[in-house]
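K.L.:
I'd like to go over a predicted model; first the sequence, then the structure.
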Amino acid sequence: MSFPLTRLRRLRYNKSIRKLVEDITLTSKDLIYPIFVCEGKNIKKEINSLPGQHQLSIDNVLKICKELISKNIKSIILFGIPSKKNHDGSIACEDDSIIQKTIKEIKIKFKDLLVIVDLCNCEYTTHGHCGTIIDNDVDNDLTLETLGKQAVSLAKAGADVIAPSDMMDGRVKFIRNALDNDGYYKIPIFSYSIKYASSFYGPFREAVNSKPMSGDRKTYQMNFKNSNEAIREVDLDIKEGSDVIIIKPALCYLDIIQKIKKKFNIPIIAYNVSGEYSMVKSGGSKNWIDETAIILEILFSMKRAGANAIITYHALEIVDYLKK
């Protein structure tokens, strides 16, 4: 049937009807909040390029966790800011490294909070790259050795989920084997299967002091011009044992989220990254945009594209609006 018998606006005139026929939902359970942890006590240092986000000492991380739970946000992802670094990032494998200490404290107070841990070396290397440098490039297989040890150490500390973001070939299988061999076969792997070499990561690199001292990450992160390569990356990670796929960035890659959702029967997490967050904050601070409305539109677009959950710095500020 066509107009005038069919009038799609009939479902739009009434607010209650509009809510009734919505086909995409977004709730607090879909949100994962990123937290930057640093050494020390009583530290809450705002990150210049991420307004409203902070480097936090463990005592203040616990305060944020309490606030998140009060808002019914029960998933976090941790990023470490160590006081010391070394050439291969192996300092992140130590049982008293910053993230391991944080996990232990969180689990004492908040046993039901899902603690996802970003597994990468860029915050822990003196050169800022995501692995061991040999001949001016990241050596894939040497880096796997460090990642495996780091994964086991994090699992031992109490991490619920390991999320490798390094983009080394074969790392999911290597990490899976390392975890299983130490008895951590129940710990899932949420792999950043699709991580583009993107300009949207700038504020994050300031937050964790991980900007490469030389060169860039294009020899291991994906070319943003490519689409079909994403399918190969996900296919390989699933075969190696990945339980969930993370796609990063999200906003300019909604087509990739949708393509992976259609191709594979696996949960997808979209990472609403730092550059996406900062652009919204910048526009909002100048009253160029309706900040809340823009955030909702962005997050719903990620769910509409096929994401099951979203890592987002907007989680705390937006959760109350999701109930309206």
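P.N.:
Great, that's in hand.
K.L.:
Residue 312 versus residue 292, what's the distance?
P.N.:
With distances defined as CB to CB, to the nearest Å, the gap from residue 292 to residue 312 amounts to 14 Å. Every C-beta, even on glycine, is put in place using the N, C-alpha and C of the backbone.
K.L.:
Tell me which stretches of the stretch 151-300 of the chain form helices.
P.N.:
Per DSSP state H, counting those that start in this stretch, the stretch 151-300 of the chain carries helices over the ranges 171-181, 202-208, 228-240, 254-263, 274-285, 291-305.
K.L.:
quick one, which of these is nearest to residue 222?
P.N.:
Proximity to residue 222, assessed across the helices of the stretch 151-300 of the chain by CB to CB, is greatest for helix 228-240 (6.1 Å).
K.L.:
Packing partners of that closest one?
P.N.:
Using 3 or more CB pairs under 8 Å, 6 or more residues apart in numbering; DSSP states H and E as the contact criterion, the neighbours of helix 228-240 among helices and strands are helix 171-181, strand 190-195, strand 244-248, helix 254-263.
K.L.:
okay, residue 292 and residue 312: which has more neighbours?
P.N.:
Counting neighbours by other CB atoms under 10 Å for residue 292 and for residue 312 shows that residue 312 has the greater number, 25 against 15.
K.L.:
coming back round to it: I'd like to know which of the helices and strands packed on helix 228-240 is closest to residue 219.
P.N.:
Between residue 219 and those, the shortest gap by CB to CB is with strand 190-195, which sits at 13.0 Å.
K.L.:
Show me the contact partners of the closest one.
P.N.:
Contacts of strand 190-195 with the rest of the structure, by CB atoms under 8 Å, 6 or more residues apart in numbering, involve 116, 161-167, 171-172, 221-222, 230, 233-234, 236-237, 242-248, 253, 256, 260, 269, 271.
K.L.:
Quick check: neighbours of that strand in the sheet, parallel or antiparallel?
P.N.:
With DSSP bridges as the criterion, the sheet partners recorded for strand 190-195 are strand 244-248 (parallel).
K.L.:
contacting residues around the strand it pairs with?
P.N.:
Contacting residues not belonging to strand 244-248 are listed as 163, 165, 188-196, 198, 230, 234, 237-238, 253, 256-257, 260, 264, 266-271, 273, 307, 311 [CB under 8 Å, 6+ apart].
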